[in-house]
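1. Sequence and predicted model, in that order:
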Amino acid sequence: MDRIECMRAFVATVGANGFAAAARALDVPRSKVSKQIQALEEAIGVQLLQRTTRSLHLTEAGAEYYDACRDVIASLDEAEQRARTGMGEIRGVLRVNAPMSFGLSRLGPLIPLFNERHPNVELQVVLSDQQVDPVKGGFDVTIRIASLPDSSMVARALAPAPRVMVASPAYLAKEGVPQSPKDLSNHKFLSYGYLQSGISLQLCNGKETQRVTVSGPLHANNGDILAQAAVSGMGIALLPNFIVERAVADGRLKPVLCEWEAPAISVNAVYPSARRVPMKTRAFIDFLVAELALGTAGF
């Protein structure tokens, strides 16, 4: 048994969430992938995957072993890459997951620049507003805004993401302009997420903190949809500045309660913990930190 190739098959299967997809990625027969993982389980004496007719799930031991396998494979690939190039040229496939709004407005314009600097890195970008599991999804880097990673992940802050409370001029003319956070309880609030009842919102003006329960006609997991609803006069929304900056600039939205701030959030790069972060991952994160810092005012 080639232990390294079996480990590659295991990592690919977890990342692709299936034998067939892993086999396509590795360009080998599906039966070979299944046999490699079975051989790996027999060699170490534990079950790594729970198999059903429709899905695969890591066992507790499998999850721990998967992290170790990723480290080993990443270190080996990087060592081979350095040996081949002699200069540590950055290359390989880099899978990135990001929220839809951030991906379109901020990440998208930066991808061509990253490609110019690192033409041998193949980016596979998946935009989704679902809270994906980076490990099960097989992502090298996951961009998250305000969500903290679990203990098995590492996070690096890329940029602040200040939020602004906004509403359309038409809505404010009809419903009135809130003068304090407590007034929001009488307004239609457009909420991020799928909450079906009122949520508690905390705001601070530097001297005083107020908490108010808000509710409204729309809950969504995408900031652009909430911004569009706010522009149409559907209610008040609290959103990152990078989502609403254009609408505010051209007057379609107006900031309200400007002296009150919600708890600070930031844009974070989340990646699996490893003793040695692959060069391609480190290069991409360093690139985002530098480029987003140049445009901090836009956040």
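-> Everything's here; your move. Numbering: from 1, shown residues only.

2. Return the residues in contact with the residue nearest the centre of the chain.
-> For the chain, the residue nearest the mean C-alpha position is Ile143 (3.0 Å; Cα atoms, centre = their mean). Ile143 makes contacts with 96-99, 102-103, 107, 158, 267-270, as judged by Cβ atoms under 8 Å, 6 or more residues apart in numbering. For glycine as for every other residue, the C-beta is placed from the backbone atoms N, C-alpha and C.

3. Which ones among those residues lie within helices?
-> Counting by DSSP state H, the contacts of Ile143 place Phe102 in helices.

4. Low-confidence regions, the stretch 51-200 of the chain specifically.
-> 53, 81-88, 146-153, 194-198 (pLDDT under 70).

5. Would you map the strands across it?
-> 56-58, 92-98, 121-127, 141-145, 153-160, 163-167, 188-192, 199-204 (DSSP state E, counting those that start in this stretch).

6. now Asn186: how far from Gln202?
-> Between Asn186 and Gln202 the computed distance is 18 Å (Cβ to Cβ, to the nearest Å).

7. scratch that, Trp260
-> For Trp260, the distance to Gln202 - Cβ to Cβ - is 10 Å.

8. Identify the contacts common to those two.
-> Common contact partners of Trp260 and Gln202 (Cβ under 8 Å, 6+ apart): Gln210.

9. Would you mind checking the average pLDDT for the helix or strand hosting Lys280?
-> Remark: Lys280 resides in helix 279-294, with elements defined by DSSP states H and E. Average pLDDT, helix 279-294: 88.

10. a markdown table for the strands of the stretch 51-200 of the chain, including distance to Val177?
-> Formatted as a markdown table, these follow (distance: least, Cβ to Cβ, whole Å):
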| stretch | distance to Val177 |
| --- | --- |
| strand 56-58 | 52 |
| strand 92-98 | 35 |
| strand 121-127 | 35 |
| strand 141-145 | 28 |
| strand 153-160 | 27 |
| strand 163-167 | 8 |
| strand 188-192 | 14 |
| strand 199-204 | 15 |
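
11. More neighbours: which of Trp260 and Gln202?
-> Trp260 (20 against 13; other Cβ atoms under 10 Å).

12. Return the residues in contact with that one.
-> By Cβ under 8 Å, 6+ apart, the contact list for Trp260 reads 165, 180-181, 203-205, 210.

13. coming back round to it: separation between the residue nearest to the centre of the chain and Val46?
-> 34 Å.

14. Go through the strands of the stretch 51-200 of the chain and pick out the most buried.
-> strand 163-167 (a mean of 24; mean count of other Cβ atoms under 10 Å).

15. for it, the distance to its chain's centre please.
-> Distance of strand 163-167 from the chain centroid (Cα atoms, centre = their mean, to the nearest Å) equals 22 Å.

16. Pull the residues that contact it.
-> Counting by Cβ under 8 Å, 6+ apart, 227, 230, 235-241, 244, 247-248, 253-258, 260-262, 265 sit against strand 163-167.
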